[in-house]
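In: Return a 3D structure for these sequence lines:
(chains A and B)
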Amino acid sequence: MRVPLSWLRDYVVVDLEPEVLAERLTLLGMEVKGIERWGADWRNVVVGELLSVEKHPRADRLSLTTVRIADGQEPLAIVCGATNIVAGQRVPVALPGAVLPGDRRIERTEKMGVVSNGMLCSGDELNLTGDADGILILPPDAPIGAALTDLYGDVVLDVDVKPNRGDALSLVGLAREVAAITGGALRWPETDPVEDDRAVAELLAVEVRDPDLCPRFVGRWVDGVTVGPSPDRVQMRLRAAGQRPISNVVDVSNYVMLELGKPIHTYDADGVVERDGRRALVVRRAAPGERLETIDHVTRDLDRDTLIIADERGPLGIGGIMGGAGSEVGEATSRVIVESALFDPILIRRTGQRYGLRSEASLRFEKGVEHRLARLGADRAARLIAEWAGGSVARGRTDTASAEPTATHIPFRPARVNRLLGTDFPADEQRAVLARVGIETETNPDDAVVFVPIAAAPKELDAAEVGRDVLVAIAPTWRRDLAIEADIAEEVARIAGYDTIPAILPDTAMPAYRPDPLAVRDVIRETLAGAGVSETVSHALVAPAAAKRFAWAAELPRVSGSEPPIGRLIHVTNPLSADHSVLRPALVGSLVEIASANIRHGRDDVAIFEIGKGYGRDADLTREWWRLGIALTGAFDPPSWNRPPRLADLDDAKGLIELIGRRLGFADLRSTPLTDEPLLHPGRAARVVATGRDGVMLAGVVGELHPAVAADVDLRGARLIVAELDVAGLGGGRLSDVRPEPPARHPGAVRDLAIVVAESVPAVAIADAIRTGAGPLLLSVDLFDIYRGTPLAGNEKSLAWRAVLQAPDRTLTDAEIDQTMADITAAVAAAGGRIRT
Amino acid sequence: MDLSDLTRDLAALRDEAVLSIEAASDVAALEAIELDVLGKKGRLTGVLRGIGGLPAEDRPRVGAVANIVRAALEGAIAARGGDLRGAALDARLRTEAIDVTTPGRPIRRGSLHPINETIREIADIFGQFGFVTYEGPEVEDDLTNFQMLNIAPDHPARDLWDTLYVDIDGQLLRTHTSPGQIRVMTSTAPPIRALLPGRCYRYEAIDASHASEFFQVEGLMVDEGTTMADLKGLLDQFAKALYGADKRTRFRPGYYPFTEPSVAFDVECLVCGGSGCPACSRSGWMTILGAGMVHPVVLQYGGLDPERYQGFAFGMGVERIANLRHSVGDLRLYMENDLRFLDQFVAAGRVEAAR
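Out: All right, here's what the predicted structure looks like:
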């Protein structure tokens, strides 16, 4: 809320410097987000006196003026287009070199052959009033030559009033807070209008058919008004507070809303149908089929959930939201009905959202308006209309609920307040502190049993029953936010100052040990970063097309015990942009997009990984699953002066996956060809599975992005290797201890084997055959070369393996080694391979 | 042949051998000379072969002279050998010299993302005070995300969280990590010290300071005697751990429906040090998180008796903390994943002298 200090001073004495006031309000919970020097953007604008006003010799619509801006100084000749000026008036003069709001620079110019030494300013040009046509006429006592900033400049605080403090969404409300700071008194504005002797009841009838939705409706009658601009002083205030001046009657509504926090609506009484000689308003739900043209000239279809103000003919306005065009106050209006009503906050909130109409007024209704403000707002509005627009106020109010509720009593325990805050405020001090914001307190003289409200849950009140050491706080009627003991504790802390709360470190019991759910993720992150792969964090919300395109079609292997990803995409129903409207089912699309973006930035080597979630649903069941994604392209070994670059390929990705497996204690990674995944090159993709003691510990796919897919995302022709993996513990798991074998005391036997197989036989089949044939004596077998060419047949390859044979307890005999090698040879032969000698 | 002949021959052999030893140009030539003169079939042995023709009483005398000659030649060979090997080593070292000023062979190192690293850092700091980490789902229900946090449907405070809804009735993308408070309280008995990092979503146009997806870390501590003073002490420690022990902090009233009293926690402006600058809107302070005492209604929904248990919760935006740590001014950088930005985080930090 914008708070012009000059206006605030109507209600409370403010002696503090603006910066100090801002800090004190902030520390009281009324955060000042900014301090604006209103009028600081009028540079070189001064008060001048019009000495003469004559017609421009060559332009009928221009005047030639002479303006005195200082005694003893030559008057300035200024050309002006406005018609509301006469000699003798004092007006704002922008001198050559002046700068006006909007960074408008004023220079010495020539207009139709006559030199103009500056400009006379309208209220609108100075952002002071709403009048853009006429020159702003200043009071006759405005000192000639004075800088306008000194006369009309102001300081405007931008206060962030929290949603629970609707009472402070007004100048009077904030003045109360200032008074709590300074100890000063609140000056309530005069609300009583001067009334004539016609009873309002004879002029206006109001019937509320739905008092739950409109608990109170106060009407006032003012007639004989002349609609026109508000006084300049009022317009200036509204402008500074961020409201556009419209007309005196309409400005009253806004003025009272800002001043008291009470939204007001005014009707042209002649737009309301008469019944029994009275203008008759009915507050009711709209009937299906009813329509209303609101003052923004949009015709709206109304529904049963909309509360309207109507007359016999039909809807006049949407209660608390917006009035209708048919009864809008305009230039011809002479009789005005003032509506100062209360509406149900939830009704207003829902209606405003449904029609897309939320205003300063509806926001205040949503937060709840104090009951008695219905009366005070009506009175104040009637008084101001009569003051600014003339007219006469009929006697009394039409009031549908004149009984005003009394203050709420909230018993609280000062000791409990201290227990919550960690403070040691004596009860008397708490009472004194509360009194500063108008919360009076009573003792509980006979230790009578009272219920202390602990938690006002939506349904029932959780209350502690106590007698001794209880005080009763009497919450002022405007403080609708106070209901339970903790609310009183906050008031005590807030007003005493949060700086009075000590800072200590907890010495209470510690929770039990809990394994860190991020532990496995962190091992993988550090491992991959150490291997030269950079971590990314990308949007989980993606475009629908990307989500569909980059979902895995092939069934992927899963870690033992993990739940399968489930099928359909989860859509956001109110996305801000279609590009972020679906939760991604996989990471691969995000990684491809990141790789593409970096390649387009001129980066030719990209090695990235991300640990993130995939999301899916099956009917109303949603699931989120953690995955590790990897993408590689370009040089995996970076080039340097002594080494050429080496491009990333599938084996680099597999090497990274194997490294993760080794780090997490599951060493055997098996790859099997994956030929039917549309995202991947059918000849360069594999399912990978690593098994540990507890079953499958790492599972997923790795492969080169299918050329057809790569062509659609801009990769500048680069090959992109991607992998997406489920890893045990990604979502939370602990790493058990490494159990090392002692180094063997007996030497192992190393044997190299060259095995010739058909090109179509995968290496993994031969590795399996060697393992099967060798049995328990095989310590390790590693592929160290693949050879193609003479003397092999064209469809053959030779795989060279190094096998290490070892027994834990003895040195192997030649006979044992020979037998094992014979067994290997037989197994390899069974798998379609022959030993090359 | 008599004694004097032999002695003369030995002297001549010695003189000649010494000359050739000193003239040897490399170790191989020296070894050849050694073999030729001192070897089993060498010239010294050859000369001594004539000893058999001498009278028995002369033989020891010749032996003594021969030993002197042998020792002299061995000494000469050793000296010359040392010289030659030293020279050879010198020559090798000279030829093996390389340009030591060329860059090293590059070793790949990837970077860790500043968002996850900041979460790690936050968890480490609070871990020192006994906080353990939990995680919750990102697709939440309205009940846990709002209602159990004392935010009824149509509560005006719902404006504080512009919500993204999904196409499942009653489900939404969590707008904050606070629903984790409920999940922890309903699954864990006090004493509770929980930390809940995670991804959150809001209906928010993306610009330099707003993101529709962002990360938060929630904290929750509940026990029988946990007070606002504990909260203040812990947060002060946290700010000092992150931003330096000399940084001042302040508590001021804030507003959240799920805390009462509520707190906004400020740290002295890291740009101007508190004197006021554009970065802190001239206030001298930067707000780094929101906090407060858990609202009794939230304790109830968490299954705890609010008369017996009390505690605090706090929530912070990870990007905000990261921005301040790294002087990053644009949130979008974190999710753009431009490697020119991310590569800079190969640095784990800058070592400073311990304070």
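In: Contact partners for residue 224?
Out: By default, I'm working from chain A. Contact criterion C-beta atoms under 8 Å, 6 or more residues apart in numbering or on different chains gives A:334-335, A:390-392 as the residues in contact with A:Gly224. Every residue, glycine included, has its C-beta placed from N, CA and C.
In: that answer is for a different chain, and I need it for chain B
Out: Neighbouring residues of B:Glu224 by C-beta under 8 Å, 6+ apart: A:508, B:190, B:308-310.
In: of all those residues, which two lie farthest apart?
Out: Longest distance between any two of these is 13.5 Å, between A:Thr508 and B:Arg308; criterion C-beta to C-beta.
In: State whether A:Val492 is indeed within a helix.
Out: Yes. Checked against DSSP: H, G, I helix; E, B strand; the rest coil, A:Val492 lies within a helix.
In: how close does it sit to B:Pro261?
Out: Distance, A:Val492 to B:Pro261, by C-beta to C-beta, to the nearest Å: 9 Å.
In: which residues do those two both contact?
Out: When contacts are counted by C-beta under 8 Å, 6+ apart, A:Val492 and B:Pro261 are jointly contacted by A:Leu421.
In: secondary structure class for the most far-flung residue of chain A relative to its centre?
Out: Outermost residue of chain A with respect to the C-alpha centroid, by C-alpha atoms, centre = their mean, is A:Ala815; its distance is 76.8 Å. When classified by three-state DSSP, A:Ala815 comes out as helix.
In: Specify which residue of A:Val492 and B:Pro261 has the higher count of neighbours.
Out: The residue with the greater number of neighbours, taking A:Val492 and B:Pro261 and applying other C-beta atoms under 10 Å in any protein chain shown, is B:Pro261; the counts read 31 against 26.
In: Let me know the secondary structure of the more buried one.
Out: When the structure is split into helix, strand and coil by three-state DSSP, B:Pro261 lands in strand.
In: so it sits right up against A:Ile488, yeah?
Out: No. Using C-beta atoms under 8 Å, B:Pro261 is not in contact with A:Ile488, being 9.9 Å away.
In: The residue in the stretch 151-300 of chain A that chain B sits nearest to in helix, strand or coil?
Out: Nearest residue of the stretch 151-300 of chain A to chain B: A:Lys162, at 3.4 Å (C-beta to the nearest C-beta). When the structure is reduced to helix, strand and coil (three-state DSSP), A:Lys162 reads as coil.
In: Share the number of residues neighbouring it, please.
Out: Number of residues near A:Lys162 (other C-beta under 10 Å) recorded here: 21.
In: How about the contacts made by it?
Out: With contact taken as C-beta under 8 Å, 6+ apart, A:Lys162 is in contact with A:29, B:254-255.
In: Between those residues, which sits nearest B:Leu13?
Out: For those, the nearest to B:Leu13 is B:Gly254 (107.3 Å; C-beta to C-beta).
In: Distance check, that closest one against A:Trp478.
Out: Computed with C-beta to C-beta, the distance linking B:Gly254 and A:Trp478 is 21 Å.
In: How many residues are close by A:Trp7?
Out: A:Trp7 is flanked by 22 other residues according to other C-beta under 10 Å.
In: Could I get the pLDDT score of the closest residue in space to it that isn't next to it in sequence?
Out: In space, A:Trp7 comes closest to A:Arg237 once its chain neighbours are excluded; the distance is 5.0 Å by C-beta to C-beta, 6 or more residues apart in numbering or on different chains. In the prediction, the pLDDT value recorded for A:Arg237 is 94.
In: How about A:Arg358?
Out: 88.
In: Pull up the residues of the stretch 551-700 of chain A that are close to chain B.
Out: By the rule C-beta under 8 Å from any C-beta of the partner chain, the part of the stretch 551-700 of chain A lying against chain B is A:570-576, A:580, A:583, A:594, A:597-598, A:601, A:603, A:606-609, A:613, A:615, A:617, A:620, A:622, A:624, A:636-638, A:640-643.
In: quick one: the strands in the stretch 251-400 of chain A?
Out: Residue ranges of the strands in the stretch 251-400 of chain A, as given by DSSP state E, counting those that start in this stretch, are A:265-268, A:274-275, A:278-285, A:291-293, A:299-301, A:307-310, A:315-318, A:322-323, A:335-342, A:392-395, A:398-399.
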